[in-house]
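Student: below are the sequence and a predicted model; questions follow.
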Amino acid sequence: MSTAAQVLAVVIAVLLAMVWVMESFLYRHPRLYPLFLTKPADFDAVRLWTVNLGFYNLTTAIALVAGVILARNGHVEAGQALVVFTAAQHTFLSIVLLVVERKLWLNTLMEGIPALVLLILATA
């Protein structure tokens, strides 16, 4: 796996960790209303999903970092498999996000483009 793919995987992992914090702990903050399309009246109803999705993003970030660590320590195929799966998964999920809620088109681009570039780099 190329150095560029490894660097991008770590950058995406950091971004996913930031999203984890926002989704799991800060989803009630007014600045995040547009990002998540939430309203204060909905907080209790969406808590389960936002927190769960946040931790999903954390474990995905950990998988990316683990893939890079594996690749750098002689387990290239295992590391590449983790990175490729995660990149493919996020590419697919970005499309699902757009289909489910077109208002989140910017979120779709922010999730999908880096994931697609990583998928291309990791499989090249």
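Tutor: Happy to help now that I have it. Numbers count the residues shown, from 1 in each chain.

Student: near residue 10, how many other residues are there?
Tutor: 16 (other C-beta atoms under 10 Å). Any C-beta I mention is one placed from the backbone N, CA and C, and that applies to glycine too.

Student: wait, doesn't it sit right on residue 67?
Tutor: No: assessed by C-beta atoms under 8 Å, residue 10 is found out of contact with residue 67, at 9.8 Å.

Student: who touches residue 80 in this structure?
Tutor: Taking C-beta atoms under 8 Å, 6 or more residues apart in numbering as the criterion, residue 80 is in contact with 1, 67, 71, 122.

Student: can you do 10 Å?
Tutor: Each residue near residue 80 by C-beta atoms under 10 Å, 6 or more residues apart in numbering is listed here: 1, 5-6, 67-68, 70-71, 122-123.

Student: and after the one helix or strand it maps to, which helix or strand comes next?
Tutor: Taking DSSP states H and E as the definition, one finds residue 80 inside helix 76-100. Using DSSP H and E, the helix or strand that follows helix 76-100 towards the C-terminus is helix 105-123.

Student: mind listing what's buried along that next one?
Tutor: 107-108, 111-112, 114-115, 117-119, 121-122 (16 or more other C-beta atoms under 10 Å).

Student: by pLDDT, rank the residues you listed and give me the bottom one.
Tutor: Minimum pLDDT across the buried residues of helix 105-123 is recorded for residue 107, with 83.

Student: wait, what's in contact with residue 95?
Tutor: 108, 111-112.

Student: and the gap between it and residue 9?
Tutor: 20 Å (C-beta to C-beta, to the nearest Å).

Student: and for residue 61?
Tutor: Where residue 9 is concerned, residue 61 sits at a distance of 10 Å (C-beta to C-beta).

Student: which of these two has more residues huddled nearby?
Tutor: residue 9 (29 against 22).
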